[in-house]
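Enquirer: Structure for the following, please:
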Amino acid sequence: MPDLPDLLRLLVGERPSPLFSVLLLVHVPAGLICVVTGAVAMLSRKRRGPHPRFGEVYYRGLAIVFVSATGLAMLRWHEHAYLFYLGLLSFGAGSIGYAARKRQWPGWMTFHIAGLGLSYIVLLTAFYVDNGPRLPLWNRLPTLAFWLGPSIVGLPLLARGLLRHTRVLADLRAAAGSLLDRPAPPEEAHR
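Expert: The predicted structure follows:
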């Protein structure tokens, strides 16, 4: 009976190490959870119920995807360094969107939608760049299509969501104004 690395050889093209195999077994389901819960959260009405519940699961899944992607990239840095950077960008944008909702600073809605929307676009970009060449029917597309496709589809949808649910310029001014209006931190007592 084949062991786990032998089974995963079909996905990764070569026999992975046991650590790579375990990380991949965490990474793939977490990524699928993100794709599904992110879509449900985006398509749900923006009120209590499914939207925040699925959004919470998306963000937690995104954290797992980032940690596992970091481990996978470290094990094969020369081939997969770009996946670490895409994971960092996706998790960073998602963290801004998540924090905006939790803290509700001035203009938070724009940051919430933009941050989580961008995190989803980058998540899909990483998936297609890494897996697109191996997907049936997609494997004939040029590499550039995998890098740009999610943004070409996602950015207009993100812009529509921002225009529909926010006042982008007013929110940006409110956020900048709140940063400028903050009192200076007190001088350190033991200088």
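Enquirer: worst-scoring helix or strand of this structure, pLDDT-wise?
Expert: One helix or strand of the chain scores below all others by mean pLDDT, DSSP states H and E: helix 4-12, with a mean of 62.
Enquirer: So which bits of the helix or strand just after it are buried?
Expert: Using DSSP states H and E, the helix or strand that follows helix 4-12 in sequence is helix 18-43. Residues of helix 18-43 classed as buried by neighbour count (16 or more other C-beta atoms under 10 Å): 20-21, 23-24, 27, 30-31, 33-35, 37-38, 40-42. Quick note: C-beta positions are derived from backbone N, CA and C, even for glycine.
Enquirer: before we move on, which element is Trp147 in?
Expert: helix 143-165.
Enquirer: Which residues does the very next helix or strand once past that helix contact?
Expert: Moving toward the C-terminus from helix 143-165, the next helix or strand (DSSP H and E) is helix 168-181. The contact list for helix 168-181, computed with C-beta atoms under 8 Å, 6 or more residues apart in numbering, reads Trp105, Pro106, Gly107, Trp108, Met109, Thr110, Phe111, Leu162.
Enquirer: from these, which is closest to Gly132?
Expert: Within these, proximity to Gly132 (C-beta to C-beta) peaks at Leu162, which comes in at 27.5 Å.
Enquirer: tell me the SS of the closest residue to Thr70 other than its chain neighbours?
Expert: Nearest in space to Thr70, with sequence neighbours left out and distances taken as C-beta to C-beta, 6 or more residues apart in numbering, is Phe84 at 5.6 Å. With DSSP: H, G, I helix; E, B strand; the rest coil as the basis, Phe84 sits in helix.
Enquirer: quick one: Phe84 and Ala73, what's the gap?
Expert: 4 Å (C-beta to C-beta, to the nearest Å).
Enquirer: so where is the chain shaky, pLDDT-wise?
Expert: Applying pLDDT under 70 to the chain flags the ranges 1-13, 15, 179-191.
Enquirer: Which one's more surrounded, Phe84 and Ala73?
Expert: Ala73 (21 against 18; other C-beta atoms under 10 Å).
Enquirer: relative orientation of the host helix or strand of the more buried one and helix 18-43 in degrees?
Expert: Following DSSP H and E, one finds Ala73 within helix 50-75. Here helix 50-75 points in a direction 150 degrees away from that of helix 18-43 (axes from the mean of the first three to the mean of the last three C-alpha atoms, to 10 degrees).
Enquirer: so what secondary structure elements neighbour helix 50-75?
Expert: For helix 50-75, the packing partners by 3 or more C-beta pairs under 8 Å, 6 or more residues apart in numbering; DSSP states H and E come out as helix 18-43, helix 77-103, helix 108-131.
Enquirer: would TSV of those with distance to Leu172 be doable?
Expert: Supplementary listing: the helices and strands packed on helix 50-75 in TSV, determined by distance: least, C-beta to C-beta, whole Å:
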stretch	distance to Leu172
helix 18-43	22
helix 77-103	12
helix 108-131	7
